[in-house]
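1. give the three-dimensional model of this entry:
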Amino acid sequence: MARYGKEHKQATRRRIVEAAGRRLKRDGIDGSGVAALMADAGLTNGAFYAHFESKEDLVASAVADQLREQREAFSTQSLEEIVRGYLSIEHRNDTEGGCPSAALLDEIARSSDAVKRAYTHGQLAIIEDAATRLVPDNPESARAQALGVFALMVGTLQVSRALADQRLADEVLEQGIQNALALLATNGAEGRI
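-> Okay, the predicted model is just below:
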C-alpha cells in the first residue's frame, strides 16, 4: 500500500475542513454526520481518523478556518463595506458561503469547550481588527464598540433569515445597516467608515 507524503495529508485535511465549513453552515453541526462531511470532501469514513480525533475536532477546525477566512476578507474592506456586505440580501441568502456566526451560533453555544475556544479565538481576532479601526478615547471602548456592532450585525442577519415575509426581512437588513453605521459614526470610527 502506497504511503502519501505530509503535503498530501495536509492538502486532504484542508479539503475536509473547507467542505465541512460549507456543510456545517448549511445543515448545522447536529445535522452534519461524519459520513456526509467526508463524502463532501470526496473521501470515505475510514479516512476521517487519520486527520481528526473526533467530530468535535473537525468542527473546531472548520469554525476556526471559517473565521480566519472571514477575517481575511474583512481586512481589505472599510468598516462601511463590511457592514453593508454583511447585512446584504446576497449574504443573507448564502448561508453555506456566509458567516459562521450567523449560521452556527446557537449550536456553538451547546458545543464542546474546544469548539467554543476555536470560536472565541477567531471571533476575538475579528473584533480586535475592527477595534483598531475605531478612534475612541481608549482601546477598551473601541473593543466594546466593535463587539456591540458585530453582535448587532449577527442578530440582524439571523432575524432576517428567520422571517417568512421577504419584504420585512429586507427591511430588517436595511435598518440593521443604518443602526450599525450610526453606532460607528457617533463613536468616532476612522475615516474609512
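2. just checking, what packs against the lengthiest helix in the chain?
-> Counting residues, the longest helix found in the chain (DSSP state H) is helix 139-162. On a contact count with 3 or more C-beta pairs under 8 Å, 6 or more residues apart in numbering; DSSP states H and E, helix 139-162 meets helix 79-86, helix 89-93, helix 100-109, helix 113-132, helix 166-186. Yep, even glycine has a C-beta here, placed from its N, CA and C like the rest.
3. can you put those helices in a markdown table and add mean neighbour count, mean pLDDT and distance to R13?
-> Output for those, formatted as a markdown table (neighbours: other C-beta atoms under 10 Å; pLDDT from 0 to 100; distance: least, C-beta to C-beta, whole Å):
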| stretch | mean neighbour count | mean pLDDT | distance to R13 |
| --- | --- | --- | --- |
| helix 79-86 | 20 | 97 | 29 |
| helix 89-93 | 15 | 97 | 28 |
| helix 100-109 | 19 | 95 | 18 |
| helix 113-132 | 18 | 96 | 15 |
| helix 166-186 | 15 | 95 | 36 |
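4. identify whichever of those helices lies nearest to E140.
-> helix 113-132 (9.1 Å; C-beta to C-beta).
5. so how far is A131 from E80?
-> Here the criterion is C-beta to C-beta, to the nearest Å. By it, E80 lies 16 Å from A131.
6. an error on my part: the question was meant for R68.
-> 18 Å.
7. same check on D40?
-> Taking C-beta to C-beta, one finds D40 at 35 Å from A131.
8. pretty sure I177 sits against G85.
-> No. I177 lies out of contact with G85 (C-beta atoms under 8 Å); the separation is 10.0 Å.
9. against G155, how distant is A11?
-> Taken as C-beta to C-beta, the span from A11 to G155 is 37 Å.
10. next one: L173
-> L173 is 12 Å from G155, by C-beta to C-beta.
11. name the nearest residue to the residue most central in space within the chain, ignoring sequence neighbours.
-> The residue lying closest to the centre of the chain (C-alpha atoms, centre = their mean) is P100, at 2.9 Å. Leaving aside its chain neighbours, P100 sits nearest to Q66 (4.0 Å; criterion: C-beta to C-beta, 6 or more residues apart in numbering).
12. and D27, what does it touch?
-> Going by C-beta atoms under 8 Å, 6 or more residues apart in numbering, D27 touches A36.
13. how close does it sit to E96?
-> Taken as C-beta to C-beta, the span from D27 to E96 is 9 Å.
14. what do the two both touch?
-> In contact with both D27 and E96: no residue, using C-beta under 8 Å, 6+ apart.
15. dump the helices and strands packed on helix 139-162 into CSV; add distance to G31 as well.
-> Below are those laid out as CSV (distance: least, C-beta to C-beta, whole Å):
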stretch, distance to G31
helix 79-86, 24
helix 89-93, 19
helix 100-109, 9
helix 113-132, 15
helix 166-186, 22
